[in-house]
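Q: Let's see this in three dimensions:
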Amino acid sequence: MAQSPVPPPSQISRARQRFLGLTNNHPPPETQAQPPEIIELTMEVHRRLLAQLYAPGEFRSGPLFGSRNSGVRRITQASRGVPPGLISNDSGAFHLDARYVLGLSDILTDSDSEIDWVGHWLIAPHGHLGSVQEHLDWMRQAQTQALADEDIFLLTLGREEESVEYRAFILQGQRVTNVPVVFLPAQEK
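A: Below you'll find the model as predicted:
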């Protein structure tokens, strides 16, 4: 009698780990264990982030969802950290509504097991790009809130003169390191 193959253990999503205290009892697959070496943004994510950039106001931020494949993070979804229309009482840069992010993560990860919360985006007030020192400060704030580390990157965007610039960072030990950001061509329907 033939035995059915044992399916690989499923990973517990990052949102479930963060907000529910659940843990993975096994290491991630080798292709997911490497730190990010390049960030790929889909055109839909680019459009969503630009819409946030051109909205006036204070800090805006949220989770980035996508896949890990070796050192590549392909970002397919970007969301605010709070529900649409909700104004946060928190004036900090990295406000997250746990119920909202957990629900969004469940929807995205249940439909595609390769998708997870792999990064976090940040836009400074009035779309300001920010100085090198401000980026280092934001990265340390993100690290303090467990939103950036060796595996999870921080993506910033802002206006510099006539252009929009994206910057991505990870931690390597205690050192903040840049990660290149590229745009994927639009998918034809």
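
Q: for the chain, what spans make up the strands?
A: Secondary structure of the chain (DSSP state E): strands located at 38-41, 60-69, 72-78, 116-123, 153-160, 163-172, 175-179, 181-183.

Q: by contact count, what packs against the fifth one?
A: Under the contact criterion of 3 or more C-beta pairs under 8 Å, 6 or more residues apart in numbering; DSSP states H and E, strand 153-160 touches helix 43-53, strand 116-123, helix 132-144, strand 163-172. (Glycine included, C-beta is placed from N, CA and C.)

Q: now with 6 Å?
A: strand 116-123, strand 163-172 (3 or more C-beta pairs under 6 Å, 6 or more residues apart in numbering; DSSP states H and E).

Q: buried sites along that strand?
A: Residues 153, 154, 155, 156, 157, 158, 159 are the ones in strand 153-160 that count as buried (16 or more other C-beta atoms under 10 Å).

Q: next one: the shortest one
A: For strand 181-183, the neighbour count (16+ other C-beta under 10 Å) marks residue 181 as buried.

Q: so where's this structure uncertain?
A: Within the chain, the ranges that satisfy pLDDT under 70 run 1-11, 13-22, 24-33, 86-91, 112, 188-189.

Q: Can you pull up the most central residue in it?
A: The centroid of the chain falls nearest to residue 119 when counting by C-alpha atoms, centre = their mean (2.1 Å).

Q: and the closest residue to that one other than its chain neighbours, how many residues sit next to it?
A: Leaving aside its chain neighbours, residue 119 sits nearest to residue 64 (3.9 Å; criterion: C-beta to C-beta, 6 or more residues apart in numbering). Counted with other C-beta atoms under 10 Å, the neighbours of residue 64 add up to 24.
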